[in-house]
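Student: coords below, sequence missing:
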């Protein structure tokens, strides 16, 4: 399981997601260009010392990321334009969860490449959750379904 961030705008969200990946043993792909410098204070503050433990791969473009996906790896886009509730979806251990830019989501070509477009059901009239919160919710369900949460050491 991997978590991919498409051209993230907000360093605190990216740092939080990298920290999440480090704590849960999930690799994180950063699809550039980012809307901030990777040495940004906000990124480091949100990621804290967990960033040293994170499996982070940087991709200079969408094309490079897309071309690097394994042939059988599903790309699952979390989007407000989704057609399947994440709670109704059957995840697999090799899936890659993709979140878009906070300011603009992802372009149509990314939507077209996704194997599934997942939505988080919200109350009527409300648009979306914070991208880091949304990714954490869906990643938690994916890890639960696949039995791949880290084992708690006693």
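Tutor: Arrived safely, thanks for sending. These figures come from a predicted structure and were not determined experimentally. Numbering: from 1, shown residues only.
Student: Off-centre distance for the longest helix that the chain contains?
Tutor: Ordering each helix of the chain by length in residues (DSSP state H) puts helix 131-146 first. Taking CA atoms, centre = their mean, to the nearest Å, one finds the center of helix 131-146 at 9 Å from the center of the full chain.
Student: what is the rounded mean pLDDT of it?
Tutor: Here helix 131-146 scores 97 as its mean pLDDT.
Student: can you pull the buried residues of it?
Tutor: Neighbour counts over helix 131-146 (16 or more other CB atoms under 10 Å) mark 131-132, 134-136, 138-139, 141-143 as buried. C-betas here are computed from N, CA, C, even on glycine.
Student: So which helix or strand of the chain has the lowest pLDDT on average?
Tutor: helix 41-47 (a mean of 59; mean pLDDT, DSSP states H and E).
Student: Please work out which residues outside the next helix or strand after it touch it.
Tutor: Per DSSP states H and E, the first helix or strand lying C-terminal to helix 41-47 is strand 56-59. For strand 56-59, the surrounding residues in contact (CB atoms under 8 Å, 6 or more residues apart in numbering) are 18, 21, 27-32, 38, 65, 68.
Student: ok so, going back, and the buried residues of helix 131-146, which is closest to residue 125?
Tutor: residue 134 (17.6 Å; CB to CB).
Student: what sits against that closest one?
Tutor: 78, 99, 120, 128.
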